[in-house]
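J.: next one to model:
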Amino acid sequence: MDVIQMLMEKASKVNALIVLPEGTEDRILKAARIITKQKIAKIVLLGKEEDIQEKGKSFSLDLSEIAIIDPKKFSELERYSRELYERRKHRGVTLEDARNLILNPLYFGAIMVALGDAHGMVVGAVTKTSDVMRTALQVIPKGENVKLVSSSFIMVIPDYEFGQRGIYVFGDCAVNRFPNSEELAEIAFQSARTAVELIDMDAKVAFLTYSTKGSSSDSCTEKIVQAVKIAQNKYPHSQYPKIIFDGEFQLDTAIEPLVAEVKAPNSEIAGKANVLIFPNLEAGNIGYKLVHRFANAEVIGPITQGLSKPINNLSRGSSISDIINSILVTILQSTSKPIIPTKEIEE
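T.: You can find the predicted model right below:
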């Protein structure tokens, strides 16, 4: 079974409701229709109903099974406004400010998720990433014991033998620009969680740089060395048996067995890594796009990691299938439980 089919089958069992704030965007409408027609989830579109219906008719789309909410006409708008006010008043937001903000579909959708009226939100087809992430962080608290919100991508490479039969998780490629060692360790753990919880991987997590096991040493590589130590101490394999961390690695050492035998013969995961942690956003963003274009890889993401409830951001260049994939991930994130260390289970 391929990854998308697996995600689809798992998501269809949840009976989820997903809110899409960009209700008049053509790709969003087409993806919503497919998700609804295949009975994967219920969809709520935000916007003026007449505008959405008119746009749907222009594409011959039957939107009769899709709910449409115009925030301005919503019967519980005051409840949503007060909830937003309670969550933002410590930042100087007044109730009147909240009443104005809630009319923005981004904030309306985020409050809908925060209150449990929707399982999650997918947005970004025509909205800037910075606006999406700002709203998400203002409204949705971080998950338990989470200090940093990050992102990852699931990369599915056709006809490729390495990784998890050609499947990798890359992090962080979309959110954190210059993570320090502690932040890299948390990005690594959250990316490992994505691998374990969404696609049932045993996560072999490699921290990448241009050095392998001390072959070069400077402030850049030392940051990675420290990140590995922090991750191994904070999330030990003895307590998290489906996750193992190692590095620092050059890319070829991390993923190619023959190179690993030479450069890191004592590593448990060298040559077998399936979760790759990049040293900064620049490297991560370039890395995932290189694999996407050169290897014709299917990309699922960006996947937002660390929020207590899922809000996922789309690339403005997203295809209909990209939007569908993001909805599937959002559904599964809404039901996932934190990985509990085995020691705690035993206690």
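J.: all contacts plus neighbour counts: C-alpha atoms, from now on.
T.: Noted.
J.: quickly list what the nearest residue to Glu298 once chain neighbours are set aside is bridged to.
T.: Distances taken as CA to CA, 6 or more residues apart in numbering place Val156 nearest to Glu298, at 5.0 Å, with adjacent residues excluded. Legend: beta-bridge partners of Val156 under DSSP bridges are Ile167, Glu298.
J.: quick one: contacts for Val156?
T.: Counting by CA atoms under 8 Å, 6 or more residues apart in numbering, Val156 touches Val3, Gly166, Ile167, Tyr168, Ala297, Glu298, Val299.
J.: show the buried residues in those.
T.: By neighbour count, with 16 or more other CA atoms under 10 Å, the contacts of Val156 hold Val3, Ile167, Tyr168, Ala297, Glu298, Val299 as buried.
J.: what ranges does the stretch 101-250 of the chain have for its strands?
T.: With DSSP state E, counting those that start in this stretch as the criterion, the stretch 101-250 of the chain has strands at 120-123, 150-156, 167-171, 203-208, 243-249.
J.: just to revisit the earlier point, show me the two of the buried ones among the contacts of Val156 that sit farthest apart.
T.: Using CA to CA, the pair of these lying farthest apart is Val3 and Ala297, separated by 12.3 Å.
J.: pull the CA atoms of stretch 45-57 into CSV?
T.: Written as CSV, here are the backbone C-alpha positions of stretch 45-57 (Å, rounded to 0.1, in the frame of the first residue of the first chain):
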residue,chain,number,x,y,z
LEU,A,45,-15.7,26.5,3.7
LEU,A,46,-15.5,30.1,5.0
GLY,A,47,-16.7,33.1,3.0
LYS,A,48,-19.7,34.6,1.5
GLU,A,49,-22.0,31.8,0.5
GLU,A,50,-23.1,33.4,-2.8
ASP,A,51,-19.5,34.0,-3.8
ILE,A,52,-18.5,30.4,-3.0
GLN,A,53,-21.6,28.9,-4.8
GLU,A,54,-20.9,31.1,-7.8
LYS,A,55,-17.3,30.0,-8.0
GLY,A,56,-18.4,26.3,-7.6
LYS,A,57,-20.8,26.6,-10.5
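J.: what residues does it touch?
T.: With CA under 8 Å, 6+ apart, stretch 45-57 has contacts from 19-24, 26, 29, 62-63, 66-71, 105, 109.
J.: how about that stretch: buried residues?
T.: So stretch 45-57, judged by 16+ other CA under 10 Å, has buried residues Leu45, Leu46, Gly47, Lys48, Glu49, Ile52, Gln53, Lys55, Gly56.
J.: same deal with stretch 141-155?
T.: Pro141, Lys142, Leu148, Val149, Ser150, Ser151, Ser152, Phe153, Ile154, Met155.
J.: list just the nearest of those to Asp202.
T.: Using CA to CA, the buried residues of stretch 141-155 come closest to Asp202 at Ile154, 14.2 Å.
J.: ok, that closest one - contacts?
T.: Contacts of Ile154 by CA under 8 Å, 6+ apart are Ile167, Tyr168, Val169, Phe170, Val299, Ile300, Gly301.
J.: touching, the fifth one and Ser152? I think so.
T.: Right, the one you point to is Val299. No - with contact defined as CA atoms under 8 Å, Val299 does not count as touching Ser152 (10.3 Å).
J.: ok, back up a step: which of the contacts of stretch 45-57 fall in strands?
T.: Val19, Leu20, Ala67, Ile68, Ile69 (DSSP state E).
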